[in-house]
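Student: how would this look folded up:
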Amino acid sequence: LQVSVPEPRTVALLFQPVLLRCQFQVSSPGPAPIVTWKYKSFCPDTSGGSPGDTWGSPGEAAGACPDSARTVRIVATKQGEQVTLGDFYLGRPVTIRGAGAELSLGPAAWGDSGLYLCTVTSTSDLQGNNEAVAELVVLGET
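Tutor: Have a look, this model is predicted:
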């Protein structure tokens, strides 16, 4: 199993549609894998910089503070054609679309900035890397 995010950093304008891409390859055929997108807020800022400034890669940002210091929530889960939204995202035009694992967030909201973990679980392929991280920064109009 190989999961990757081709664009690890995405900058979106407030109220504009957001699409986070996640791709995966399963080495052996089997039942449809389960795709889960999880949101993690940026670490609480102690440096005075803006979110995302201090890390070279989203992976570094993901490990920079414990999950207990940030907001963590399930965005959506997809198995086959069935998409289930996390409670926080109910009522928003959020979905996992396409044959892969693209997360469509609809219009970006202020609280959407953070790290998004794309996790793919396949019962037929347990080897490899099943998770990738995308970083989203939502900007207001200047």
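Student: low pLDDT regions in the protein?
Tutor: 45-63, 142 (pLDDT under 70).
Student: what do you get if the cut-off is 90, keeping everything else the same?
Tutor: 1, 25-32, 43-67, 80-81, 98-100, 110, 122-129, 140-142 (pLDDT under 90).
Student: quick one: the helices in it?
Tutor: With DSSP state H, the ranges of helices along the chain come out as 58-62.
Student: Let me see the contact set for the closest residue to Leu117 other than its chain neighbours.
Tutor: Leaving aside its sequence neighbours, Leu117 sits nearest to Lys38 (C-beta to C-beta, 6 or more residues apart in numbering; 4.5 Å). C-beta: built from backbone N, CA, C; applies to glycine. For Lys38, the contact set (C-beta atoms under 8 Å, 6 or more residues apart in numbering) comprises 72-75, 116-117, 119.
Student: so of these, which ones are in strands?
Tutor: 72-75, 116-117, 119 (DSSP state E).
Student: how far away is Asp125 from Phe24?
Tutor: Going from Asp125 to Phe24 by C-beta to C-beta, to the nearest Å gives 9 Å.
Student: neighbour count winner among the two?
Tutor: Between Asp125 and Phe24, counted using other C-beta atoms under 10 Å, Phe24 has the larger neighbour count: 22 against 19.
Student: bridging residues for the more buried one?
Tutor: Listed by DSSP bridges, the beta-bridge partners for Phe24 are Val3.
Student: ok, so what distance separates it from Pro8?
Tutor: From Phe24 to Pro8 the distance is 15 Å (C-beta to C-beta).
Student: list the residues that contact both of Asp125 and Phe24?
Tutor: In contact with both Asp125 and Phe24: 1, 33, using C-beta under 8 Å, 6+ apart.
Student: show me the contacts for the residue positioned nearest the centre of the chain.
Tutor: With distances taken as C-alpha atoms, centre = their mean, Tyr116 lies nearest the centre of the chain, 2.4 Å away. Going by C-beta under 8 Å, 6+ apart, Tyr116 touches 20, 37-40, 75, 103, 133-136.
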